[in-house]
Structures are given as C-alpha cells and as structure tokens.
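Asks: Sharing a sequence plus its predicted fold:
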Amino acid sequence: MKKVKIAGRKVFPIGLGTSNMGDKADKFEQEVEAIRVGLDNGVQVIDTAEMYGYGNAERLVAQAIKPSDYSREDLFLISKVLPSNASKKDLPISLENSLKRLNTDYLDLYLLHWKGNIPIEETIEALEKVKSQGKIKSWGVSNIDVDDLEKIINLPDGIKCEANQVRYNLGDRGIEFNLVPAMNKLEMPLIAYSPIARGDSFGTNLTKQKVLMEIAEKHQTDIFQILLAWCIRNGHTIAIPQSSNTTHVIDNVRAVEIQLSRQDLEQIDSVYPEPSRKQPLALW
C-alpha cells in the first residue's frame, strides 16, 4: 500500500467522509464508533465542513478523536469554509468556529468549499494569514475545475494551493480529460468524494455490472472495494467514502490491499471508458 503525499505529509489513501453525519441523535454513537474503527485500522484523513449539519459533523468528529484516545499529530483533519464566508473578515471567524467544534488548535488542510462571489485573491490572502498564525497547516480548494485552478495557481501565493477535492468515481471520470493531468503536473493530490457513487451510476446498479462482478470474484472481494481500489489506483488520490457502518468502514480500508491488474483496468475501461472530451465538473 502506497501512501499519498499531501501538504508535506504521507497519508493512508482511504479517508473518512462525514457528509450527512452528526445530525441524528439516535445514530450519533454509531457514527462516532464508525470513525474510530476507521482510525483504529489505519485511517488518518478525516474530511468535514462547516456546512455539514451546520457544524454537527465537526462536533461528531471531535467526539470521535478525543485527545485521550488519539494522537493529534497522527491525524490529518480537513474542513471547509463556505464561499460566502471566505472573505478576509469572515474566514477567520468561520475557521475559529470550526476549530472550537472540532476541539483542536489547528487544521491540517482548510478548503474553499466551492467558488463563490468573493474574489479568490481575497480568500487566498485570508488563508495565508491564518496559516501564518498556525491555525491551519495548509489550504486548498474543492469543486474547482481546470480553468479556475490554473487561474489560482498563477496568482500571488496561488502555488501554495495543496489539494483539490472533487467528485470522482468510476461513473464520473470527466476530470481525467484535463483536470487530473493539470493536477499531476503540479504534483497536487486529488481528494475524491463520492468515490463509490453510492453503488449507482448513470442509472445502472454497479453491483450488478457483469465485468465488475467478475473482477470482484477474481480478487475475492466485493464490488465496492473494487470501486475504491480503482479510485486510488494512481497513487495520487485520497478517497473519502462516507459510512456509519463499522463493517463497511473496515471493508473500505481493506480496499488498499487490492492491486488491479492491467487486464482488470482494461476490462473496466471497456465498460466505463476514459473521457474523450471535456465534460462539466460533476457536483454532489
């Protein structure tokens, strides 16, 4: 298993997403346990955002990573600022609120959740300021396509953008046309959300796709693990599947053990081909 380099760290390529978590009191302990099981099995990256449950997901993460049980230095915490809060005035406030909810002194990575109306130059200035204060170790972006990413990189301090988080899975391969090549050139890792597309793509149930079933049987695993193994196959991607089921979390982690062969990848491409033209960025 090859770790992925991000913001000067090398981390486990499967992380934990927390979208839609932390909102239901009757599931809170189960969700805490799911995160802890992931950490106990090698996961380092936990992804959350101020938007998720209006901060409830961050509170959930705080409960799961109590300092008495986990070393903060071993974790890689990511949160995201809403575009409407990404100004010089409001970004520090949003960050401080996220830190309080997470019960931590700093974030390893702070992302602009998506492009908004506040000039990106102002957002970068705000991000660099909180980084200089030690409140974040690094910053990046989310849901940013190639044209906007290139503009960011060419701005003062834009080259300090450490990552881009976008939707990426077997059914959403559009970013492979020009965004992934551009990021590879910059040695910028991809953080892939919805990496298994909830088992469904283009109205097709992936769990019943014949080629995927054959490959899963060959590797003595299930299709969801094949989808994750495919997602992280290039060594520059961190996948952040979301699950509150401890068994599924362990299965997700074990996807790193699967080595897809060239024949496997060619078979997958025959059913879900690489993009041959530019496609709109897939969102949520």
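Replies: Thanks, I have it.

Asks: what about the strands in the stretch 1-150 of the chain?
Replies: Secondary structure of the stretch 1-150 of the chain by DSSP state E, counting those that start in this stretch: the strands cover 4-6, 9-11, 16-17, 45-47, 76-81, 109-112, 139-142.

Asks: Just put those strands in JSON lines and tack on mean pLDDT and mean neighbour count.
Replies: C-beta coordinates here come from the backbone N, C-alpha and C atoms, glycine included. Below are these laid out as JSON lines (pLDDT from 0 to 100; neighbours: other CB atoms under 10 Å):
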{"stretch": "strand 4-6", "mean pLDDT": "98", "mean neighbour count": "20"}
{"stretch": "strand 9-11", "mean pLDDT": "97", "mean neighbour count": "16"}
{"stretch": "strand 16-17", "mean pLDDT": "98", "mean neighbour count": "25"}
{"stretch": "strand 45-47", "mean pLDDT": "98", "mean neighbour count": "26"}
{"stretch": "strand 76-81", "mean pLDDT": "98", "mean neighbour count": "27"}
{"stretch": "strand 109-112", "mean pLDDT": "99", "mean neighbour count": "26"}
{"stretch": "strand 139-142", "mean pLDDT": "98", "mean neighbour count": "24"}
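
Asks: looking at those, which is closest to residue 265?
Replies: strand 4-6 (18.9 Å; CB to CB).

Asks: That closest one pairs with which strands?
Replies: Take DSSP bridges as the rule and strand 4-6 pairs in its sheet with strand 9-11 (antiparallel).

Asks: Give me the nearest residue to residue 41, chain neighbours excluded.
Replies: residue 253 (4.6 Å; CB to CB, 6 or more residues apart in numbering).

Asks: So for stretch 37-48, what gets flagged as buried?
Replies: Residues 37, 38, 39, 43, 44, 45, 46, 47, 48 are the ones in stretch 37-48 that count as buried (16 or more other CB atoms under 10 Å).

Asks: Can you check what pLDDT the model gives the spatially closest residue to residue 33 that is not a sequence neighbour?
Replies: Leaving aside its sequence neighbours, residue 33 sits nearest to residue 246 (CB to CB, 6+ apart; 6.0 Å). For residue 246, the model assigns a pLDDT of 97.

Asks: just the one 4 residues further on next, same as before
Replies: Per-residue confidence (pLDDT) for residue 250: 98.

Asks: Equivalent analysis for the one 5 residues further on, please.
Replies: At residue 255 the predicted local distance difference test score is 97.

Asks: Please report phi then psi for it.
Replies: Dihedral angles of residue 255 (phi, psi; degrees, to the nearest 10) stand at phi -60, psi -20.

Asks: Quick check, it in contact with residue 228.
Replies: Yes: the criterion here is CB atoms under 8 Å, and residue 255 meets it with residue 228 at 3.7 Å.

Asks: Show me whatever sits in contact with both of the two.
Replies: By CB atoms under 8 Å, 6 or more residues apart in numbering, residue 255 and residue 228 have these common neighbours: residue 14.

Asks: and the gap between the closest residue to residue 51 other than its chain neighbours and residue 147?
Replies: Of all residues not flanking residue 51 in the chain, residue 82 sits nearest, at 5.7 Å (CB to CB, 6+ apart). According to CB to CB, to the nearest Å, residue 82 and residue 147 sit 22 Å apart.

Asks: what stretches of the chain score poorly on pLDDT?
Replies: 1, 198-204 (pLDDT under 70).

Asks: Taking the centroid of it, which residue is nearest it?
Replies: Taking CA atoms, centre = their mean, the centroid of the chain lies closest to residue 191, which sits 3.8 Å from it.
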